[in-house]
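K.L.:
Let me see the structure of the following:
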Amino acid sequence: QVQLVESGGGLVQPGGSLRLSCAASGSIFSIYAMGWYRQAPGKQRELVAAITAGGSTNYADSVKGRFTISRDNAKNTVYLQMNSLKPEDTAVYYCSAEKVAAMGEDLSDYWGQGTQVTVSS
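P.N.:
Purely as a prediction, here's the structure:
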């Protein structure tokens, strides 16, 4: 069974940095894309950044130049380096894995449980 486990959230002051990690476990053959979404209270979940197995990236306009997504394909792990954090970045951040091929499983998408990021002084 495929699971995504996130880590690295927390409380940080405006202008600070955090690094999120998400590791996919299970008998995984390949993952097409991994990414990060976030959901603030009263708002819809939105894409923050995504990266394909080939290294192509996509960012939300609001985080371009501040956040960097990276991926270790050998470890099935994705990272989100967040710099120059702002209060409006406060949200629950969710890891996603798209088109996961795993032993005994249909090709599927998976979500992590979410990790809270709070930017406040």
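K.L.:
Show the residue spans covered by the strands in this protein.
P.N.:
3-7, 10-12, 18-25, 28-39, 46-52, 57-59, 67-72, 77-82, 91-102, 108-111, 115-119 (DSSP state E).
K.L.:
residues contacting S7?
P.N.:
Each residue near S7 by C-beta atoms under 8 Å, 6 or more residues apart in numbering is listed here: 20-22, 115. From N, CA and C alone the C-beta is placed, and that goes for glycine too.
K.L.:
Centre-most residue in this protein?
P.N.:
Centroid-nearest residue in the chain, with C-alpha atoms, centre = their mean: W36, separated by 2.7 Å.
K.L.:
Just confirm that one contacts A97, I think it does.
P.N.:
No: W36 is beyond contact range of A97, at 11.0 Å (criterion: C-beta atoms under 8 Å).
K.L.:
on that earlier part again, deepest of the strands of the chain, which one?
P.N.:
Highest mean neighbour count among these (mean count of other C-beta atoms under 10 Å): strand 77-82, with a mean of 22.
K.L.:
For it, which outside residues touch it?
P.N.:
Contacts of strand 77-82 (C-beta under 8 Å, 6+ apart): 17-24, 34-36, 48-49, 51, 63, 66-72, 89, 93, 95, 117.
K.L.:
With stretch 39-49 instead?
P.N.:
The contact list for stretch 39-49 (C-beta under 8 Å, 6+ apart) reads 35-38, 57-60, 63, 67-69, 80, 88, 90-94, 114.
K.L.:
Alpha carbons of that stretch, as CSV, please.
P.N.:
Extracted in CSV, the C-alpha atoms of stretch 39-49 (Å, rounded to 0.1, in the frame of the first residue of the first chain):
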residue,chain,number,x,y,z
GLN,A,39,-5.4,25.0,1.9
ALA,A,40,-6.0,28.0,4.1
PRO,A,41,-9.1,28.3,6.4
GLY,A,42,-12.1,29.1,4.3
LYS,A,43,-10.3,28.7,1.0
GLN,A,44,-10.1,26.0,-1.6
ARG,A,45,-7.0,23.8,-1.9
GLU,A,46,-4.6,25.2,-4.4
LEU,A,47,-1.5,24.0,-6.2
VAL,A,48,1.8,25.4,-4.8
ALA,A,49,4.3,23.6,-6.9
